[in-house]
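In: Any chance you could fold what I've pasted below:
(one chain, ligands or ions: 1)
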Amino acid sequence: MMRKYLVALPMALLMVSGAWAQGLKDAYKDYFRMGVALSGRNMTPEQEDIITREFNSVTCENAMKPGSLQPAEGRWNWREADRIANFCREHGIKMRGHCLVWHNQFADWMFYDAQGKPVDKKLFYKRLKKHIRTVVKRYKDVVYCWDVVNEAIADGPGDTPFRKSKLYELCADEFILKAFKFARQADPKALLFYNDYNEVNPHKCERICQMILDMKKRGAPIDGMGMQGHYNIHYPAMNELSEAIEKYARVVDHIQITELDVRANMQHGGDLNVDKKGEAITPEVKSKFEQQYVNLFRTLRQHSDKIEVVTFWNLTDRDSWLGADNYPLLFDKNRQPKEAYHKVLNLE
Ligand code: G3I
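Out: Got it, this is the predicted structure:
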């Protein structure tokens, strides 16, 4: 109990002194919105204070995914998503909806009939349309954009540019077109995004851009590209990041960094099989970490005419999907701001 006050005391003193009145959202109000991915675990008074001070966009890390919301046909699990959505409603914070279609944490029951046999596309689309309509209409007052399709493009070259998921096996690429149309029908106003990782890689960037152009030709209302931003202390090079932003800007009108973290090892991307060990956080690694965040925000600010929101994936290292040892965020595992936070906050 005592430790909690010892942790909160420095923050309280800083806030009372006004030295910390400004958060990231205020420091970057002339560039882009600052967002954060949250789970129910973040809904405590101490963390809510950090969230409302630092951010003006919120994403549910897992609670709005198909498998989380509708784990079985007609069985809805709104609790965690509603808790976070109601927090955002109370504080006037808009949300990114994440996500409507993804091969991971999907509502896999949609692929099978009552006898466990694979369904045809017609029944699958009927179920998907109902899911998307139900979810999008429930949150349309607070969600300003949706990650409609997540990670549908293959990471490497192959006989198809698409990830060979269950979705692709049943529908080929048509599920992408259908998902965007269903989402548009459910909310004519929301901005609709395609979201992916390793998005800076020139070859994958090209595959994504080609898919977006093709889908838009076929009538998919794709408004934006979600560059996930799962980077590391060595990657990406800033010229590669700039080139990718410029390429996406040629195929969509809206670009966001949707899942930013910078891990202290050589891996990058959103693949789930991560090395949670990370490198020892030596003074050299810490300096590289800080420099990479400074480089990233300097580059993103240079493209603030195209980048509308930058969302961190998780609030603190303690929450990170990468594990705290990867040291990926601006707040450490004790929820204290790192030196990197102050460098980003006060970037010249
Ligand atoms: O909710 C269950 C719980 O009931 C169960 O006891 C527990 C143990 O198995 O698992 C819990 O589900 C976990 C879920 O997170 C909620 O905590 C899943 O196993 C776990 O795989 C899932 O990991 C999430 C991952 O997506 C897979 O969905 C991460 O938290 C989340 O940060 C990560 O986020 C993804 C983005 O959505 C898309 N881009 C890549 C990014 C990183 O993989």
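
In: Contact residues of the stretch 51-200 of the chain facing the ligand?
Out: When proximity is defined as CB under 6 Å from any ligand atom, the stretch 51-200 of the chain approaches the ligand at Glu61, Asn62, Asn104, Gln105, Asn150, Tyr197. Using the backbone N, CA and C atoms, a C-beta is placed for each residue, glycine as well.

In: Looking at those residues, which are in strands?
Out: When strands are assigned by DSSP state E, the members of these inside them are Asn150.

In: Please list only the buried members of the residues of the stretch 51-200 of the chain next to the ligand.
Out: If you count burial by 16 or more other CB atoms under 10 Å, the buried members of these come out as Glu61, Asn62, Gln105, Asn150, Tyr197.

In: quick one: contacts for the nearest residue to the last one once chain neighbours are set aside?
Out: The spatially closest residue to Tyr197, leaving aside those adjacent along the chain, is Gly270, at 3.4 Å (CB to CB, 6 or more residues apart in numbering). Neighbouring residues of Gly270 by CB atoms under 8 Å, 6 or more residues apart in numbering: Glu151, Asp196, Tyr197, Asn198, Gln228, His230, Glu259.

In: out of those residues, which are inside helices?
Out: Residues from those lying in helices, with DSSP state H as the criterion: none.

In: Which members of those residues are classed as buried?
Out: Using 16+ other CB under 10 Å, the buried members of the contacts of Gly270 are Glu151, Asp196, Tyr197, Asn198, Gln228, His230, Glu259.

In: Return stretch 253-268 as PDB; C-alpha atoms alone will do.
Out: These are the backbone C-alpha positions of stretch 253-268, laid out as PDB (Å, rounded to 0.1, in the frame of the first residue of the first chain):
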ATOM      1  CA  ASP A 253      -6.200  10.200 -47.500                       C
ATOM      2  CA  HIS A 254      -5.600   9.200 -43.900                       C
ATOM      3  CA  ILE A 255      -2.500   7.700 -42.200                       C
ATOM      4  CA  GLN A 256      -2.000   6.800 -38.600                       C
ATOM      5  CA  ILE A 257       0.700   5.100 -36.500                       C
ATOM      6  CA  THR A 258      -1.600   2.700 -34.700                       C
ATOM      7  CA  GLU A 259       0.500   0.400 -32.400                       C
ATOM      8  CA  LEU A 260       3.900   2.200 -31.600                       C
ATOM      9  CA  ASP A 261       6.400   0.500 -29.500                       C
ATOM     10  CA  VAL A 262      10.300   0.300 -29.700                       C
ATOM     11  CA  ARG A 263      11.700  -2.900 -28.300                       C
ATOM     12  CA  ALA A 264      15.200  -3.400 -27.000                       C
ATOM     13  CA  ASN A 265      16.000  -6.300 -29.300                       C
ATOM     14  CA  MET A 266      16.500  -7.100 -32.900                       C
ATOM     15  CA  GLN A 267      13.000  -8.200 -33.700                       C
ATOM     16  CA  HIS A 268      10.200  -6.000 -35.100                       C
END
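
In: May I see the buried residues of it?
Out: Of the residues in stretch 253-268, those with enough neighbours to count as buried (16+ other CB under 10 Å) are 254-265, 268.

In: hmm, that stretch in reach of the ligand?
Out: Yes: among the residues of stretch 253-268, Glu259 lie within reach of the ligand under CB under 6 Å from any ligand atom.

In: how deep is Val219 tucked in, by neighbour count?
Out: Residue 219: Gly, not Val. Other residues near Gly219 number 10, with proximity taken as other CB atoms under 10 Å.

In: Check whether it really touches Leu177, as I assumed.
Out: Yes: using CB atoms under 8 Å, Gly219 and Leu177 qualify as a contacting pair, with a distance of 6.9 Å.

In: Surely Met110 forms part of a helix?
Out: Yes: Met110 sits within a helix when classified using DSSP: H, G, I helix; E, B strand; the rest coil.

In: Give me the nearest residue to it, chain neighbours excluded.
Out: In space, not counting the residues next to it along the chain, Met110 is nearest to Arg127; the distance is 4.5 Å by CB to CB, 6+ apart.

In: and whatever helix or strand the one you found lives in, what other elements does it pack with?
Out: With elements taken from DSSP states H and E, the one containing Arg127 is helix 121-139. Packed against helix 121-139, as judged by 3 or more CB pairs under 8 Å, 6 or more residues apart in numbering; DSSP states H and E, are the following elements: helix 66-69, strand 94-102, helix 166-171, helix 174-186.

In: quick revisit: of the buried ones among the contacts of Gly270, which is the nearest to Asp214?
Out: Here the nearest of the buried ones among the contacts of Gly270 to Asp214, counting by CB to CB, is Asp196; it sits at 15.3 Å.
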